[in-house]
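S.K.: structure, please.
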Amino acid sequence: METHVASGATTIASGGGLADRYAAALYAHAEDANALDSVVSEMESLGKIIAASADFRRLLESPLIDVQQALRAVAAVLEQEGFGKPVRDFVGVVAANRRLKALPEIVRAFASLVAERRGIITAHVASAHPLTDLQRQQLRARLIEAGYGNVNILEQVEPDLLGGLVVRIGARLYDTSLKSRLQRLQYAMKGAA
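M.R.: Next comes the predicted model:
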């Protein structure tokens, strides 16, 4: 794996789309090794670990930690969590190329690439409060009615929305939040004055 991804990494360092390029290299390697399903699952787990652990995020983001120390620490975490060799090697390449800070973005880019290749549409949903199971089912039903058959819902809580939802699917934005309704009302009142 290291040579395959490392060879792709030399072109990655040149600029734009860094996360997309790393994600594409991992996808190609996993597909070639007939390990795509396990790699997809492990990358989802890695994203959850990054989101849940402030200490792990600090390790990834700190420019003060030596590359070798960071590599050993990340490798220990991945091994302890039961990650397979392809993902451990991939993260090792990312660390060796001094790109650990970009790992969360790479994980998101990989998830997007997998969704795209599998024909899954991702709906980014922001709400003032966490969605209940019933709300999630109703939202999925509405999205299916709107023509989005195979939808993956990524939720985010944004208390400043006050209420309602903001749903983003690709370039489309559906904003039913109380915050935006109040802003539109404010603009309408200014226009009438």
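
S.K.: what are the ranges of the strands in this protein?
M.R.: 121-127, 151-157, 165-169, 172-175 (DSSP state E).

S.K.: what is the neighbour count of Val157?
M.R.: 12 (other C-beta atoms under 10 Å). Backbone N, C-alpha and C define where each C-beta goes, glycine included.

S.K.: how about the contacts made by the residue nearest to the spatial centre of the chain?
M.R.: Most central residue of the chain, judged by C-alpha distance to the mean C-alpha position with C-alpha atoms, centre = their mean, is Arg108 at 2.4 Å. Applying C-beta atoms under 8 Å, 6 or more residues apart in numbering, one finds that Arg108 lies in contact with 19, 47.

S.K.: quick check: it vs Gly163, distance?
M.R.: Shown here: Arg108 relative to Gly163, a distance of 27 Å by C-beta to C-beta, to the nearest Å.

S.K.: one more: Ala75?
M.R.: 44 Å.

S.K.: higher neighbour count, those two?
M.R.: The neighbour comparison of Ala75 against Gly163 (other C-beta under 10 Å) goes to Ala75, with 16 against 12.

S.K.: run through the neighbouring helices and strands of the longest helix seen in the chain.
M.R.: Counting residues, the longest helix found in the chain (DSSP state H) is helix 36-52. The helices and strands touching helix 36-52, judged by 3 or more C-beta pairs under 8 Å, 6 or more residues apart in numbering; DSSP states H and E, are helix 18-32, helix 54-61, helix 85-96, helix 103-117.

S.K.: report the buried residues of the shortest one.
M.R.: In other words, helix 54-61. 56-57, 59-60 (16 or more other C-beta atoms under 10 Å).

S.K.: same check on the last one?
M.R.: Applying a neighbour-count criterion of 16+ other C-beta under 10 Å, one finds 103-104, 106-115 buried in helix 103-117.

S.K.: distance between it and the chain's centre?
M.R.: Taking the mean of its C-alpha atoms, helix 103-117 sits 6 Å from the chain's own mean (C-alpha atoms, centre = their mean, to the nearest Å).

S.K.: angle of that helix against helix 54-61?
M.R.: 90 degrees (axes from the mean of the first three to the mean of the last three C-alpha atoms, to 10 degrees).

S.K.: on that earlier part again, export the strands of the chain as CSV, with columns for distance to Ala28 and mean pLDDT.
M.R.: Below are these laid out as CSV (distance: least, C-beta to C-beta, whole Å; pLDDT from 0 to 100):
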stretch, distance to Ala28, mean pLDDT
strand 121-127, 21, 86
strand 151-157, 22, 84
strand 165-169, 27, 90
strand 172-175, 30, 87
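
S.K.: perfect, I'm done here.
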